[in-house]
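S.K.: next come a sequence and a model predicted from it.
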Amino acid sequence: MTDYLTWLTVLLGAALLFVGLFRRLGLGATLGYIVGGIVVGPSVLNLSGDAEAINRVSEIGIALLLFIVGLELQPSRLWRMKRDIFGLGLAQLLASGALLAVLVKLVLGLGWGPAIAIGLALGLSSTAQVLPMLRSTGELNSPHGERAFSILLLQDLALIPLITLIAALSVAGDPSTPSGLAMTGMTIGAVVGLVLAGRFIVAPLFALIGRLGERELFIVAGLTVVVGAAALMHALHLSVALGAFVAGVMLAESPYRHELESDIEPFRSILLGLFFMSVGMLLDLRAIAGEPFLVIGLALAVIILKAAALYPIARLFGSRPGRSATLSLLLSQAGEFGFVLFASAAVGGLITRDQASLLGAVVTASMVATPFLMRFIGWLQANQPEKHVDLPGPEFSPETNAIVVGYGRFGQTVAQMLMAKRVPVTLIDINPEQIERAGQFDTKVYYGDGTRIDLLRTAGAEEAEGIFFCIDDAELGPEQLRPIVEAFPKARIMVRTFDRRQMLALKGLGIAWIQREVFDSAVVMGCQALSALGIAAREVDRVEQEYRSRDRERLKAQHASGDLRSGLERSFAHAPLED
């Protein structure tokens, strides 16, 4: 017990020191954890105990991460992503695997079968590294983040056939490992079992715990679900992370998902940090010291080939050049599942133990390079040539779910409410002073005329789910908005209007929502005025609802006839025609 407490103290102390230092240097927590693991691991100070045991335990951190991601993905949204998962994700893995297979054959001298297996293993990226980066920047729910997640999810699914492929090629396979057909059947059965358990056991269980109101039980139940799903998949020689992800998706529409996410997040952070430390501890520095140029050269080759394979595929699937480059570099590292596959390949005689150590060092080196690559992308975007009155346009704006056009009083409220729920937003305004003023509050607003289709397309409108026109322009009419509605059918378009005349002019265009700019604030003040004059609260509510109802009826009549005086009998006797 004393030894374990000592090892845990050393690990947590090293994490505190190195993560704090690397965050201070702007290099991210992941690199801090890996370097901390290297320092306390057997290759340097040897203060950390059994690295492989720590790695096995801390893999629960990956399961918790995928569980939390699953909580944020309703089944309907997951179905919407099927093209990116099975199209973009599969194309990336096959293209990267083919290029890396050639590299492995040339460098390690393997036959084509083992080279293809190892190339596909190197084609997997690091879910444990990429997803926290996307969550921390708020990009996970953006189209760019969804594409990255789709590729990672396909790679996680591909782990099963890759294990099967290695087992089939092995000259000394593990007899306890099921056949490929058996593993496929067990995967389908396990996923179906998790779905049924989620619906008929887990959901009623959380409903019961919710009625009891005991937060501790929520934490215990959440951890039980994740660990139980992971244990089931592990017992069947399947992907632990996939089981946790399915469990999360099954609870994505539960009313308790936000509480579950907040309760499990601290455990996820600690265990995922320990996982990265174990990666550093397992790194064989002697393999690097023996052939440093080979390790570094192979790591660079992996990064370059994976980025080169993904970039044209991302462009083919509709990503803009800047976002395609970012996605390619974000997923250019090799991933943690490579350690599992290389170990299986070594046991099966496809590669030697020394080659497995070499490949493990290459994986770790490529993961270490990722924070630097992200800093390079940030620098590249920040130093793009500025256009239009020396202000940057949206050419390299983040690919987001929402575009807000106009960042004045009205647009600020809309945008900030979206940001409050961590919805990524691209902000566009044509007023240089407004852009500079927003920049003083660390808010990035891009310069441009948001009613131009070409500029909206540059800002990512073809992938956006919502375009919100918050500009103060009483002349904004059908001639500007009709082409936008037709050009971007995927987006829900909402418009701020000056008065009911402008509102009526836009009816019938297919706009999802039209809001008169002072209507609701005037109604609120009218209610406050009634209250100040002693009218009972119940009567104030009745008057408000009646006023809103009659106003809707007036608008219908006016839209049908095209005459502003139509429906006047539906208004209060003293109500003005204009608001």
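M.R.: Sure thing, it's come through.
S.K.: heading C-terminal from the helix or strand hosting residue 204, find the next helix or strand.
M.R.: Element membership of residue 204, judged by DSSP states H and E, is helix 203-212. Per DSSP H and E, the first helix or strand lying C-terminal to helix 203-212 is helix 215-235.
S.K.: what residues does the next helix or strand after that next one touch?
M.R.: In the C-terminal direction, the helix or strand that comes right after helix 215-235 (DSSP H and E) is helix 240-250. With contact meaning Cβ atoms under 8 Å, 6 or more residues apart in numbering, helix 240-250 is reached by 59, 62-75, 78, 127, 153, 156-157, 159, 187, 190-191, 194-195, 197-199, 202-203, 225-226, 229-230, 232-234. To be clear about C-beta, it is placed using only N, CA and C from the backbone, and glycine gets the same treatment.
S.K.: filter those residues down to the buried ones and hand me the ChimeraX line.
M.R.: A single ChimeraX command selects the buried members of those (16 or more other Cβ atoms under 10 Å):
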select :59,62,63,64,65,66,67,68,69,70,71,72,73,78,127,153,156,157,159,187,190,191,194,197,198,202,203,225,226,229,230,232,233
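S.K.: mind listing which of the contacts of helix 240-250 are in helices?
M.R.: Judged by DSSP state H, the subset of the contacts of helix 240-250 located in helices is 59, 62-71, 75, 78, 127, 153, 156-157, 159, 187, 190-191, 194-195, 197, 203, 225-226, 229-230, 232-234.
S.K.: any idea which helix or strand comes after the helix or strand hosting residue 279?
M.R.: Per DSSP H and E: residue 279 is located in helix 257-282. Next helix or strand after helix 257-282 toward the C-terminus (DSSP H and E): helix 285-290.
S.K.: show me the shaky parts of the stretch 101-250 of the chain.
M.R.: 137-138, 141-143, 160, 171-184, 213, 239 (pLDDT under 70).
S.K.: Provide the secondary structure category for residue 332.
M.R.: coil (DSSP: H, G, I helix; E, B strand; the rest coil).
S.K.: likewise for residue 467?
M.R.: strand.
S.K.: for it, give its distance to residue 455.
M.R.: 12 Å (Cβ to Cβ, to the nearest Å).
S.K.: higher neighbour count, these two?
M.R.: residue 467 (26 against 21; other Cβ atoms under 10 Å).
S.K.: ok, back up a step: just the angle between the helix holding residue 204 and helix 257-282, please?
M.R.: If you take axes from the mean of the first three to the mean of the last three Cα atoms, to 10 degrees, helix 203-212 sits at 110 degrees to helix 257-282.
S.K.: report all helices and strands that helix 203-212 contacts.
M.R.: Packing partners of helix 203-212 (3 or more Cβ pairs under 8 Å, 6 or more residues apart in numbering; DSSP states H and E): helix 215-235.
S.K.: other SSEs contacting the helix it packs on?
M.R.: Looks like helix 215-235 contacts helix 51-71, helix 180-197, helix 203-212, helix 240-250, helix 257-282 (3+ Cβ pairs under 8 Å, 6+ apart).
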